[in-house]
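1. here's my sequence, what's the structure:
(2 chains)
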Amino acid sequence: MSAKTINIKLKVWRQKDANSKGGFEDYQLENISTASSFLEMMDVLNEKLVNENKEPVAFDHDCREGICGMCSMFINGRAHGPDTLVTTCQLHMRTFKDGETIVIEPWRTGGFPVIKDLMVDRTAYEKIMQAGGFVSVNTGGVPDANAIPIPKHDADEAMDAASCIGCGACVATCKNSSAMLFVAAKVSQLALLPQGRVEASKRAKNMVAVMDELGFGNCSNTGACEMECPKGISLAHIARLNREFLSANIKG
Amino acid sequence: MTKLNSKIPEGKLKDKWSNYKAHQNLVNPANKRKIDIIVVGTGLAGGAAAASLAELGFKVKNFCYQDSPRRAHSIAAQGGINAAKNYPNDGDTVYRLFYDTIKGGDYRSREANVYRLAEVSNSIIDQGVAQGIPFAREYGGLLANRSFGGALVSRTFYARGQTGQQLLLGAYSALSRQIGLGNVTMYSRTELMDIVIVDGKARGIVTRNLITGKIESHFGHAVVLATGGYGNTFFLSTNAMGSNGSAAWKAYKKGAFFANPSFVQIHPTAIPQHGEFQSKLTLMSESLRNDGRIWVPKKLEDAKAIREGKLKPEDLPDEDRDFYLERRYPAFGNLVPRDVAARAAKERTDKGYGIENNPTKEGVFLDFKYAIERLGKDAIEEKYGNLFQMYEKITADDPYKTPMKIFPAIHYTMGGIWVDYELQTTVPGLFVAGEANFSDHGANRLGASALMQGLADGYFVLPYTIQNYLAYEIGTERMNPAEHEEFKKAEKDVEALIDKLMSIKGTKSVDYFHKKLGKVMWNNVGMERNEKGLKEAIEKIQEIKKEFWSDLKIPGEKNSLNVELEKANRVADFIEIGELMARDALNRDESCGGHFRSEHITEDGEAKRNDKDFMYVAAWEYKGENEEPVLHKEPLSYEEIEVKTRNYKTA
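-> As a prediction, this is how the structure comes out:
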């Protein structure tokens, strides 16, 4: 892990609030260690701005371990930047070259309006989850955890789907602004397990209905979402969602 | 007469919780609808409590600073959750889990609370499975277990290296369902600014909308804080960037006692610091110690050569490697508790055997070579694949080929707001759950026990105990904050605080102060402490406080999204928390668990407890700005356990 330093130019989207018109601002940073994360680089930029009496760039971030799903930047035209299977907070500066210009934008999709600078509003995801992203059980009164054996393969596949972090990269990447991968991840996870099987069709129907209502587009199978998903969630889950959705409509 | 009444129920230890539930007061279904409960925080404790209380019929208002309840930092817990299921048939029982937790905590936790925790642990796993959490399974379809530090059995349930994520999303799904049903009103991107006390009881909170800057008040018949720990006092920690101690600190200033603030867990396996600009440390799960062996070179010259890149660690022959945990602790080996493992790493690097070429020359190896030889690469990838991927993304080193570099980092705070058996603070109507309270982990928390405690409090303890309080509140009418003097006054105080911060208009950023505080904390109130260092820390922190309030700079406006103002609010409190931590560490003139005073070491370098003088919970009472806090002691007594010196050398 040999760290060196690089000089970079940044073009960062600045937007005062949801109702203002935004635009790019240029910044320059020197001696950025290649061992630092992308967000640590943003910290350096913000510290510099504060010291110059300017407002720092607002961006969402929290765990900085790639799991909370809060960070959300479009970097050089790609959700979470040029590396694969990482969130922005896990992207490291060794991915960039000395002298490179880095363009940083917020998620751009009608479903997630900009709040300020690089921060967007993902409340739409909450509404989709509230429509059916759960098993309808209350606390207490449930059977012993080992009462129903579950084939390891099913549990593993459910876990693949369940690793979705709700960051929104799939929507931001999709040319139709579709939230299908997000919805499919939850529907598929729960449909694969006997506990979630009971409500599987109804869940698919209810979540898709809210997704449509909120103006997210349809899936046209380009697979861009899977490519940019920091957790590598597979398109195959969308097939399972479609199956559940279809069966819900047949059952009526 | 002490003000502390821990309200431990009568009866034998194993009957206490049953007895409590059998005789406590409950609120009838028709009255539940008329009762509002405020829950601050949406992690395992807060999310589980908000969902469970709403399912019971209470009207819940739930708050978080993130954009969604699903972001709470419980999500980052990797390794697993303990439960006394004994599915592997390896000799586990509720008593053994209880015993291990008390012993792991170095006999500084409350016996009755810990027993209850072990007792409800099994229900958590049942609940998680019912919610559709994809726990790891064996080929026969039953649940898999693994081992964690401080235990001789395999009782840890897991979902790859993302157990916290899956448990949190389980609680979040239950919470989402209740929000959808209208039983929970969710306030995201909202920060608690103060707690409102009316006639001696907690009746609400004042919040700041982080997008608009608007100050608002909310009423509740009771207030639950599930706001996590204050590890970020150290600036660098494994906590999320937004994790903060402010809710607990506001509670303290409103009369809730702060217990054992100096008890901080330093996790042995985080990725070492790489430079001065770093803002966060990343944990590598304790589960890795199941299969990884920890070592440093035996010879100083090899350590130096490795640091300088002249020698590759994988080329160093086994006979030149010092597996110091296996050497010092034959019975538990690499699976000693966290405090023991962390100190052992420090002992080696202090002597010059550190292997990382960072400013402090710290770091030790965690090596999977042996496990890969024994089990094959595929088996290791199956168990730890995502952790290895994460490590490689951060360090650009491949842990399948070269050993991981790790070093201890601030991770968890065992201390927190003092609560009684009912999780109620010294302020009636104010309850604290999860990491934010102090009760279950003593002076050191065992791995995979934080998830257990957060969910135990949220799903299975608070929904009962809070009713014992609320049963007397059914006649209390909902208050309208806009028309209530106490609420209006609290709002005014919050406005004044924000104005004060904004009007300093100094020259230094919030991070400047936070980093400065963090350095003092790490050097003087960190892994090793002593009287001189702690006294010096208190002085230095007071200087930082003065400088903060005279030279802080916050750009932007207060009535809009202002990240620097958010950070300033939190750091103002971290500074004061840091001072109380140092005071508590100074008062506790013994070593125990993660609290290691260099004046109190056994001959072979272990923590030396002083049960005669310090077998108590130190609960601090706020006495006002610039006044010394007053210490209250809750004596600890162990009826069912023989108090011994911790020994991980022999079984």
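
2. list phi and psi for the residue of the stretch 1-150 of chain A found nearest chain B.
-> Closest residue of the stretch 1-150 of chain A to chain B, Cβ to the nearest Cβ: A:Pro149 (2.8 Å). Any C-beta I mention is one placed from the backbone N, CA and C, and that applies to glycine too. Per-residue torsions, A:Pro149: phi -70, psi 140 (degrees, to the nearest 10).

3. is the helix-or-strand element of chain B with minimal mean pLDDT in proximity to chain A?
-> Every helix and strand of chain B was ranked by mean pLDDT, DSSP states H and E. The lowest is helix B:377-395, at a mean of 90. Yes. Helix B:377-395 is in contact with chain A by Cβ under 8 Å from any Cβ of the partner chain, via B:Asn386, B:Gln389, B:Met390, B:Lys393, B:Ile394, B:Thr395.

4. once you drop chain neighbours, what's closest to the residue nearest in space to the middle of chain A?
-> Centroid check for chain A by Cα atoms, centre = their mean gives A:Cys167 as the closest residue, at 2.1 Å. Distances taken as Cβ to Cβ, 6 or more residues apart in numbering or on different chains put A:Gly69 closest to A:Cys167, at 4.1 Å, once the chain neighbours are dropped.

5. got the contact list for the one you found?
-> Applying Cβ atoms under 8 Å, 6 or more residues apart in numbering or on different chains to A:Gly69 gives the contacts A:Thr87, A:Ile165, A:Gly166, A:Cys167, A:Gly168, B:Ser68, B:Arg70, B:Arg71.

6. what sits up against stretch A:29-41?
-> A:1, A:3-10, A:44-45, A:48, A:59, A:61, A:64, A:71, A:73, A:75, A:81, A:88-94, A:96, B:274-275, B:277-280, B:394.

7. those residues in helices, which ones?
-> A:Val44, A:Leu45, A:Lys48, B:Ile394 (DSSP state H).

8. got those residues as JSON lines, with neighbour count and distance to B:Pro268 columns?
-> What follows is the ones in helices among the contacts of stretch A:29-41, written out as JSON lines (neighbours: other Cβ atoms under 10 Å in any protein chain shown; distance: Cβ to Cβ, whole Å):
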{"residue": "A:Val44", "neighbour count": "18", "distance to B:Pro268": "29"}
{"residue": "A:Leu45", "neighbour count": "20", "distance to B:Pro268": "33"}
{"residue": "A:Lys48", "neighbour count": "16", "distance to B:Pro268": "35"}
{"residue": "B:Ile394", "neighbour count": "21", "distance to B:Pro268": "17"}
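
9. find the pair from those with maximum spatial separation.
-> A:Lys48 and B:Ile394 (23.9 Å; Cβ to Cβ).

10. distance of B:Glu10 from B:Phe234?
-> Going from B:Glu10 to B:Phe234 by Cβ to Cβ, to the nearest Å gives 41 Å.

11. more neighbours, these two?
-> Between B:Glu10 and B:Phe234, counting by other Cβ atoms under 10 Å in any protein chain shown, B:Phe234 is the more crowded of the two (26 against 9).

12. B:Ile205: which of the ones in helices among the contacts of stretch A:29-41 is nearest?
-> Closest to B:Ile205, out of all of these and judged by Cβ to Cβ, is A:Leu45, at 34.1 Å.

13. could you dump stretch B:547-555 to CSV, C-alpha only?
-> The C-alpha trace of stretch B:547-555 is given here as CSV (Å, rounded to 0.1, in the frame of the first residue of the first chain):
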residue,chain,number,x,y,z
GLU,B,547,-11.0,28.2,22.4
PHE,B,548,-14.1,26.6,20.7
TRP,B,549,-16.5,29.2,22.2
SER,B,550,-14.2,32.1,21.2
ASP,B,551,-12.7,31.1,17.9
LEU,B,552,-15.2,28.8,16.1
LYS,B,553,-16.2,29.7,12.5
ILE,B,554,-19.5,28.5,11.0
PRO,B,555,-20.2,29.7,7.5
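
14. name the SS class of B:Val224, please.
-> strand (DSSP: H, G, I helix; E, B strand; the rest coil).

15. quick check: domain ranges of the chain?
-> Let's take chain A. Chain A breaks down by automatic domain parsing into domains covering A:5-116, A:123-251.

16. the chain in question should be chain B.
-> With automatic domain parsing as the reference, chain B has domains B:271-410, B:484-635.

17. where among those domains is the average confidence lowest?
-> If the domains of chain B are sorted by mean pLDDT, domain B:271-410 sits at the bottom with a mean of 93.

18. and the end-to-end length of that domain?
-> 12 Å (Cα to Cα, to the nearest Å).

19. who does the strand or helix carrying A:Trp13 pair up with?
-> Using DSSP states H and E, A:Trp13 sits in strand A:5-14. According to DSSP bridges, strand A:5-14 has the following sheet partners: strand A:23-33 (antiparallel), strand A:101-106 (parallel).

20. can you show me the CA trace of it as CSV?
-> Written as CSV, here are the backbone C-alpha positions of strand A:5-14 (Å, rounded to 0.1, in the frame of the first residue of the first chain):
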residue,chain,number,x,y,z
THR,A,5,0.0,12.3,-3.6
ILE,A,6,-1.8,13.7,-6.6
ASN,A,7,-3.2,17.1,-7.7
ILE,A,8,-6.7,17.2,-9.0
LYS,A,9,-9.3,19.5,-10.4
LEU,A,10,-12.9,19.2,-9.4
LYS,A,11,-16.1,20.3,-11.1
VAL,A,12,-18.7,20.1,-8.4
TRP,A,13,-22.5,20.6,-8.7
ARG,A,14,-23.6,23.4,-6.4
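
21. and that strand, what's its mean pLDDT?
-> The average pLDDT within strand A:5-14 is 98.

22. how about stretch A:59-67?
-> Here the average pLDDT along stretch A:59-67 is 96.

23. how about residues contacting it?
-> A:37, A:39, A:42, A:68, A:70-73, A:86-90, A:117-120, A:165, A:230, B:66-67, B:71, B:73, B:75-76, B:162, B:164-165, B:240-242, B:279-280, B:282-283, B:390, B:393.

24. may I ask which helix or strand of chain A has the lowest mean pLDDT?
-> Of chain A's SSEs (mean pLDDT, DSSP H and E), minimum confidence goes to helix A:236-251, a mean of 91.

25. for that one, buried residues please.
-> For helix A:236-251, burial by neighbour count (16 or more other Cβ atoms under 10 Å in any protein chain shown) applies to A:His237, A:Ile238, A:Arg240, A:Leu241, A:Asn242, A:Arg243, A:Glu244, A:Phe245, A:Ala248.

26. please, where are all the strands along the stretch 301-450 of chain B?
-> Assigned by DSSP state E, counting those that start in this stretch, the stretch 301-450 of chain B shows strands spanning B:321-322, B:364-367, B:404-413, B:416-417, B:430-432.

27. B:Lys535 is nearest to which of those strands?
-> strand B:404-413 (21.4 Å).

28. and the angle from that closest one to helix B:377-395?
-> Put simply, strand B:404-413 runs at 70 degrees to helix B:377-395, going by axes from the mean of the first three to the mean of the last three Cα atoms, to 10 degrees.

29. list the strands paired with strand B:404-413, with their directions.
-> In the sheet, strand B:404-413 lines up against strand B:264-270 (antiparallel), strand B:364-367 (antiparallel) (DSSP bridges).
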